[in-house]
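Visitor: What follows is a protein structure lacking sequence information:
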C-alpha cells in the first residue's frame, strides 16, 4: 500500500533574490518502509522533510499522505490530521520543559481527549518497551539526551501514527545513545509496521533504513537499498557520500 | 493528564518566569482593594475632607486599574513571544488553533484569578494598616471594617480585566506559520539600524521639549503640556531605539575601547539585545517618569503651607458689618479664648466699605488710603499716595499678585455712584487671604464720598507670637459662619447673606495639611504601583534571557573567565539595564518639575529632590537584590 506520494515538490524561498531549495522532487513510499534521506548541508533535505511534515508549505507540487494532501486541509482538519496520522522526532527533542516525562508522552492523547485511564496505560506500556519506565515522573531537565530522545520517540508513536518523521534524531547524541535510539526506531518499524522517514547526516543511523535517498542541490541524486547486512550497507552509503562530494568532514566516520 | 492539567502545569511549573508579573498584578489588585476599602468605609460619609478623600481614592483606584490593563496586556504579549517555540511544538503535535487559544486563555485566567485571590488576601491583611494611615491623615479613627462592596468591586473589575485580556491573547500569536514558531526566539535578533536623521530628531525633540518645559510660565503651561509630553515620549523612544544604537556602534568601531578586556563581551552582548532592550528601556523610562512626576507634583504641594503663612499676615481675622448685632459678641468670644489660652496678641482694626461694581456685578471691598498705609507700614510694605479718582487693586494673595500687575479697571460703584479708575496693584496682599477679596484702595477723599452710601464693616486682625497655638480659637465663630453660609447658599436669599467673616491660619493649615496628606497617600500608592511594574519589566527581561545567558557564560567560561570578570561583565550589564532608563526618567522629571515650578511661588526643589532621591534609593535596593540572585544563578551555571 502506498503511504506517501510526493509529486514534483518545489520550494523557493522568496527574498531579495529568490533561492530555490527544492527543484522538483518525486518520491513514493510504501507502507512499512524506513526511508533515510541524506545529503550535504544546504541540499534541501530538512526542507523536504518539513514540507512532508506540514511544517512548511511547498511552493508547488503535491504531497499525499495515505491519499490525503494535508496542505489543502482546513486549520482544524489539519490539526487532527497531524494528531492522528503523523509522529515527529526532532534533533533537539522539543520536549516541553513544564511537563514530566509521562505527561510529554501522553500529550498527543491529551489533545485528542482520550480518557486518562487509557492514556496512562498506553504510556506505561510504551515506556516499558523503550526502557524509560524508571524516569516517568521526572522532569525533562533531569534526564540524559538519549533518554530525552526515547521520550520524544514515545511521544511520536503513542497515538500509532501512519507516518513517523524524524529530523536528525541522533544529531545531539553520543554513539551509545545513537545506537539505542536507532534500535528503538528499527524495532518500532518492524514490529508496529509504522512507516518512517528520517533525515540524517549520520551514515551509521542511515544504515538502519530500508532505503536511503540522496538529495543534492534540491534534486534527487540517487537511492540505494541494503543488499546484505548493515555493515555492507553502511559502506555503500559512505561510498555514495564520497562520490556525491560535498564536504567530507560533514559525515561522521564509521562506527560499526 | 487532562487538557486543563496541561494549562495548569504550564503555569505552575514556570513559577519563576511568572513571579514578578504575578506579584506585580497582585500588588495592583491589592492597592485597588485598599483604596476601595477606605472609600467605602461607612465612617467616611459627610464632611468636606471625607469627600475629597473619597474622590482622591476613587481617581487613584481607576488610574491603577487603567494602568494595570496596559501593564498586563504588555506583559502577557511579551510572555507569549518567548513561548513561540513551545507553541510550534504543540501545533506539530496536533494541537488545533482552537485548542491553543483555549490553552493560552486558561493559563491567563489562572494567573489572573490567582492574582485576584492573592491581592484581595493581602489587601485584607494590609487593610488595617491602610485604614490606620488613611484615618490618621483625615484625623478620624477608622475601625477595621471591610465593606462587601469593596470586595465585590475589586473582584468584579479585575475579573473583567483578566477575562478581556485573556480573550485578546488569541490574536497575539501568529499560528499559521508553524516553521516560524518552531524557530522561535532562538535566532539572533538583528541590531536595529541607527539612522542619523532619527537620532537627530530624537535629540531635537528632547531638546525642544526640555526648553519649552524650562521656559514655561503660569500662563503658557496649560497650552504647552500636551505637546511637550508628546515630544518627550517620541523623543525618548528614538533616544533608546536610535541614539543608543548609534553610540554602541561608535564604541564598537573604537578598537582601543572595544577590544579592551571584558568590554568586547559587554558591548557585543548589549548590541545583540538592543532591539529588546530599546523597547524595555522606553517602557521603564516612561512608566518611571509618570511615577516620579505624580508623587513629585503632590509632594510639591507641601510648600503651599509656607505660602499660606505669607498669605495670612493676620493668623486670626474677623470682620463684620458694623450694624450686625452679633458682631460684638463674636469678637468678645474670640478675645476671651485668647485669654483663656494665655496667648498675648495685638489687634489691628481696619474699617472698610462693601459696595457692588456696576461693571461686573460682584462685590467690591474698599479700603481708604490712610488705613491701608497703616497696615503696609506694619507689614513693611510700600505705602501709597492716591489722588482723586485714582485707585489701586488689592491682591487677595501672592499668587494673584502677578495677574494684577498691568490691570486697568474702571469701577463704578452701585450704591454710591462713585467711579474710580484703578491702575496696577498695591505692593502685595496686606490682609488675610479671603477677608478682603476683590479689594481696592481709594483716596481718603473718595472713601468719605462712598462711605455715606455703602455698608460699613470693620476688620479685626490678630497677630501673636506663634500662630500654631491658635488652632481652636474662634472655632465657634467658624462654625456659625459655616452654618450661615450653608443657609445662604441653599436658596441664595440676599437677606440671609452672612454679615461677618472669619479666618484662622491654624485652622486652614490643618485642613490643608489633611487634604495634602490624603493626596500624597493616594499618589504614593499609585507611584508604587507604577514603580513596581517598571521593576517587573526588568525582572522579566532578565529571566527570559537567563537560560541563554547561562549558556553564553558557560561558553565564555570555558575560554577562561575569572569569577571577578564574570561579575564585572554581568554587573555592568545589570547597571545599564537598571539605571539607564531611571536616569533618563529623572532628567525628564526634573524638567517637568521646572515647568511645575512656574505655577508655584515658592521653590519646590527640596520636595522634588526628596522624591527623586527616594525612588533612586528604592531602585538601588532592587538592583542589589536582583544582582545577588542573578549572579548566584550565573555562578552555578559557569561552575
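Guide: Structure received. Please read these numbers as outputs of a predicted model, since none were measured by experiment.
Visitor: which stretch of helix or strand covers the residue in the stretch 501-639 of chain B that chain A sits nearest to?
Guide: Residue of the stretch 501-639 of chain B nearest chain A, by C-beta to the nearest C-beta: residue B:547 (9.7 Å). C-betas here are computed from N, CA, C, even on glycine. Per DSSP states H and E: residue B:547 is located in helix B:505-560.
Visitor: Output the contacting helices and strands for that helix.
Guide: Packing partners of helix B:505-560 (3 or more C-beta pairs under 8 Å, 6 or more residues apart in numbering or on different chains; DSSP states H and E): helix B:15-39, helix B:48-82, helix B:97-138, helix B:274-300, helix B:304-311, helix B:563-597, helix B:605-638.
Visitor: Dump these to JSON lines, plus mean neighbour count, distance to residue A:17 and mean pLDDT.
Guide: As requested, those are exported to JSON lines (neighbours: other C-beta atoms under 10 Å in any protein chain shown; distance: least, C-beta to C-beta, whole Å; pLDDT from 0 to 100):
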{"stretch": "helix B:15-39", "mean neighbour count": "23", "distance to residue A:17": "40", "mean pLDDT": "86"}
{"stretch": "helix B:48-82", "mean neighbour count": "18", "distance to residue A:17": "29", "mean pLDDT": "83"}
{"stretch": "helix B:97-138", "mean neighbour count": "19", "distance to residue A:17": "33", "mean pLDDT": "89"}
{"stretch": "helix B:274-300", "mean neighbour count": "22", "distance to residue A:17": "25", "mean pLDDT": "82"}
{"stretch": "helix B:304-311", "mean neighbour count": "16", "distance to residue A:17": "68", "mean pLDDT": "74"}
{"stretch": "helix B:563-597", "mean neighbour count": "19", "distance to residue A:17": "37", "mean pLDDT": "86"}
{"stretch": "helix B:605-638", "mean neighbour count": "16", "distance to residue A:17": "41", "mean pLDDT": "86"}
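Visitor: okay, those in a markdown table with distance to chain A next?
Guide: Listed next are these as a markdown table, based on distance: least, C-beta to the nearest C-beta, whole Å:
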| stretch | distance to chain A |
| --- | --- |
| helix B:15-39 | 10 |
| helix B:48-82 | 12 |
| helix B:97-138 | 5 |
| helix B:274-300 | 20 |
| helix B:304-311 | 55 |
| helix B:563-597 | 23 |
| helix B:605-638 | 13 |
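Visitor: could I get those helices as CSV with distance to residue B:412?
Guide: Below are these laid out as CSV (distance: least, C-beta to C-beta, whole Å):
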stretch, distance to residue B:412
helix B:15-39, 49
helix B:48-82, 37
helix B:97-138, 46
helix B:274-300, 41
helix B:304-311, 29
helix B:563-597, 40
helix B:605-638, 45
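Visitor: Out of these, which gets nearest to residue B:221?
Guide: helix B:563-597 (5.8 Å; C-beta to C-beta).
Visitor: Report the inter-axis angle for that closest one versus helix B:505-560.
Guide: Interaxial angle, helix B:563-597 versus helix B:505-560 (axes from the mean of the first three to the mean of the last three C-alpha atoms, to 10 degrees): 150 degrees.
Visitor: what angle separates helix B:563-597 from helix B:274-300?
Guide: 50 degrees.
Visitor: Which strands and helices lie in contact with helix B:563-597?
Guide: helix B:196-215, helix B:221-238, helix B:263-272, helix B:274-300, helix B:505-560, helix B:605-638.
Visitor: mind giving me the domain ranges of chain B?
Guide: B:1-187, B:188-313+B:507-639, B:314-506 (automatic domain parsing).
Visitor: What residue in chain B comes nearest to chain A?
Guide: Using C-beta to the nearest C-beta, residue B:94 is the residue of chain B that sits closest to chain A, at 2.5 Å.
Visitor: and the stretch 1-150 of chain A, which residues reach chain B?
Guide: A:50, A:53-56, A:75-76, A:79-84, A:86, A:88, A:94, A:96-99, A:102-103, A:106-108, A:110-113, A:116, A:119, A:139 (C-beta under 8 Å from any C-beta of the partner chain).
Visitor: picking that back up, got the helices and strands packed on helix B:563-597 as CSV, with distance to residue A:65 columns?
Guide: Formatted as CSV, those follow (distance: least, C-beta to C-beta, whole Å):
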stretch, distance to residue A:65
helix B:196-215, 50
helix B:221-238, 49
helix B:263-272, 40
helix B:274-300, 39
helix B:505-560, 36
helix B:605-638, 43
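Visitor: mind checking which of those is nearest residue B:574?
Guide: Distance to residue B:574, taken as C-beta to C-beta, is lowest for helix B:605-638 among the helices and strands packed on helix B:563-597, at 5.4 Å.
Visitor: The closest one packs against which elements?
Guide: Checking 3+ C-beta pairs under 8 Å, 6+ apart, helix B:605-638 ends up next to helix B:274-300, helix B:505-560, helix B:563-597.
Visitor: Now do the contacts for the residue of the stretch 101-250 of chain A found nearest chain B.
Guide: Closest approach between the stretch 101-250 of chain A and chain B, counting by C-beta to the nearest C-beta: residue A:103, at 4.8 Å. Shown in contact with residue A:103 (C-beta atoms under 8 Å, 6 or more residues apart in numbering or on different chains): A:96, A:110, B:1, B:6, B:9.
Visitor: Out of these, who's the most crowded?
Guide: residue B:6 (23 neighbours; other C-beta atoms under 10 Å in any protein chain shown).
Visitor: can I assume that one is in contact with residue A:113?
Guide: No - using C-beta atoms under 8 Å, residue B:6 is not in contact with residue A:113; the gap is 11.6 Å.
Visitor: related to what we said a few turns ago, now do the contacts for the residue of chain B closest to chain A.
Guide: A:79-84, A:86, A:108, A:111-112.
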